[in-house]
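# When you get a sec, could you give me coordinates for this:
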Amino acid sequence: MSPRKKTFFARLMEQWPLQVIALMGAAWLIIFSYVPLPGIYIAFSNYKVTEGVFAGAFVGLKHFSEFLTDKNLPNVLINTLAISGLNLSIGFVVPIIFALLLNELKNLRYKRMVQTISYLPHFLSWVVLGGFLISWTSEYGLINQILFQLKLIKTPTYLLSDENYFWGVALFSHLWKETGWNAILFIAAIAGVNPELYESATLDGANRFQKARYITVPGIAPTIAILFILQSAYILSSNFDQIYVLRNTLNANRSTVLDIYTYRIGIQLGRFSYSTAVGLTKSVVSLILLLITNKVSERATGSTFLR
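Predicted structure coming up:
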């Protein structure tokens, strides 16, 4: 056995706890991501639950054609892109601002308390948070009364019964639940910025805003770019749990996103081949978006997720 192989196996034995963790992750990926891949055939056949995966008659691109020509598709795509776009723009920027503001707090005890309170909603399910939101957005609920007092609405109304308010409620609930949790990565990235840069800026007379603008933000730019690339790939995937809990027949025109559409067609109506075709189409589009945003980020900032 060569010295190189001995070194490799020696390191393997020294790091066996980490190797076990890595193998568990690889096993999970293989079992749940690669083993089911042959099931994609369902999208090209007339699959029936009582038959095998490959027993259905091959129909080619029939289900894809039906999906792309569905009269409900434009409205579904508008809702999906609107909600995901709000989450990708405002929902992505707010955690960055929150992390920058937390970084400026000098009282560590207060800083930790604020951070802890901010990410607690992340650990609550959408079923629990949805109950709160349904109550708060009722005609005499907390949010409704605040908006009325601020004269943002003319008369108190059940917000979830008005389709015009659904996108706003979806954005608000997303920010409430995920801002603190999403800020953790940015806070960690800020902690890695060289402190000597701040000391030099202080000697040059820079204020806090200038330090944040010229030191902190450029220092965490690679982290921002990579996370933006990853989130851009999921622009066709709205939060199913959130939308499913908050939607009702009165706001269905604005709350029927692609995930809800796929669930209704595939599970409730039993059209598994059709819903598989929809999911496969979404996956292909997501892959294309990932490659495009990765390339744009590489040219604009030099940071990239895929090489």
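# Now do the helices in the stretch 1-150 of the chain.
All helices of the stretch 1-150 of the chain, identified by DSSP state H, counting those that start in this stretch, fall at 3-14, 16-29, 62-68, 73-103, 108-119, 126-136, 142-149.
# Need those in JSON lines (columns: distance to Val49 and mean pLDDT).
Using the backbone N, CA and C atoms, a C-beta is placed for each residue, glycine as well. Output for these, formatted as JSON lines (distance: least, Cβ to Cβ, whole Å; pLDDT from 0 to 100):
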{"stretch": "helix 3-14", "distance to Val49": "45", "mean pLDDT": "69"}
{"stretch": "helix 16-29", "distance to Val49": "26", "mean pLDDT": "89"}
{"stretch": "helix 62-68", "distance to Val49": "16", "mean pLDDT": "91"}
{"stretch": "helix 73-103", "distance to Val49": "25", "mean pLDDT": "92"}
{"stretch": "helix 108-119", "distance to Val49": "41", "mean pLDDT": "89"}
{"stretch": "helix 126-136", "distance to Val49": "28", "mean pLDDT": "90"}
{"stretch": "helix 142-149", "distance to Val49": "43", "mean pLDDT": "83"}
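# I'd like those helices as CSV, with mean neighbour count and distance to Ser297 appended.
As requested, the helices of the stretch 1-150 of the chain are exported to CSV (neighbours: other Cβ atoms under 10 Å; distance: least, Cβ to Cβ, whole Å):
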stretch, mean neighbour count, distance to Ser297
helix 3-14, 10, 34
helix 16-29, 10, 25
helix 62-68, 17, 29
helix 73-103, 17, 13
helix 108-119, 13, 26
helix 126-136, 16, 30
helix 142-149, 15, 36
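# and of those, who's closest to Glu163?
Minimum separation from Glu163 across these (Cβ to Cβ) falls at helix 73-103, 9.9 Å.
# between that closest one and helix 108-119, how many degrees?
Put simply, helix 73-103 runs at 170 degrees to helix 108-119, going by axes from the mean of the first three to the mean of the last three Cα atoms, to 10 degrees.
# Return the list of helices and strands in contact with helix 73-103.
Packing partners of helix 73-103 (3 or more Cβ pairs under 8 Å, 6 or more residues apart in numbering; DSSP states H and E): helix 108-119, helix 166-191, helix 221-232, helix 252-255, helix 258-263.
# hmm, try it at 6 Å
Contacts defined by 3 or more Cβ pairs under 6 Å, 6 or more residues apart in numbering; DSSP states H and E place helix 73-103 against helix 166-191, helix 258-263.
# For Leu230, find the nearest of the ones you listed.
helix 166-191 (10.8 Å).
# buried sites along the helix or strand following the closest one?
The helix or strand immediately downstream of helix 166-191 is helix 195-203, counting by DSSP states H and E. For helix 195-203, the neighbour count (16 or more other Cβ atoms under 10 Å) marks Tyr198, Ala201 as buried.
# For the stretch 151-300 of the chain, give me the ranges with low pLDDT.
Counting by pLDDT under 70, the stretch 151-300 of the chain contains low-confidence ranges at 300.
# tell me which residues of stretch 278-297 are tucked away?
Quick answer for stretch 278-297 (16+ other Cβ under 10 Å): Val278, Gly279, Leu280, Thr281, Lys282, Ser286, Leu289, Leu290, Thr293, Asn294, Ser297.
# The last one: which element?
Element membership for Ser297 (DSSP H and E) is helix 272-301.
# Quick check: Ile153 vs Ile143, distance?
Separation of Ile153 from Ile143 (Cβ to Cβ, to the nearest Å) stands at 10 Å.
# what does Thr249 give?
For Thr249 relative to Ile143 (Cβ to Cβ), the value is 21 Å.
# what does Tyr41 give?
47 Å.
# again with Ile97
22 Å.
# so Ser45 bridges to which residues?
Here Ser45 sits in beta bridges with Phe58, going by DSSP bridges.
# Neighbours of it, how many?
20 (other Cβ atoms under 10 Å).
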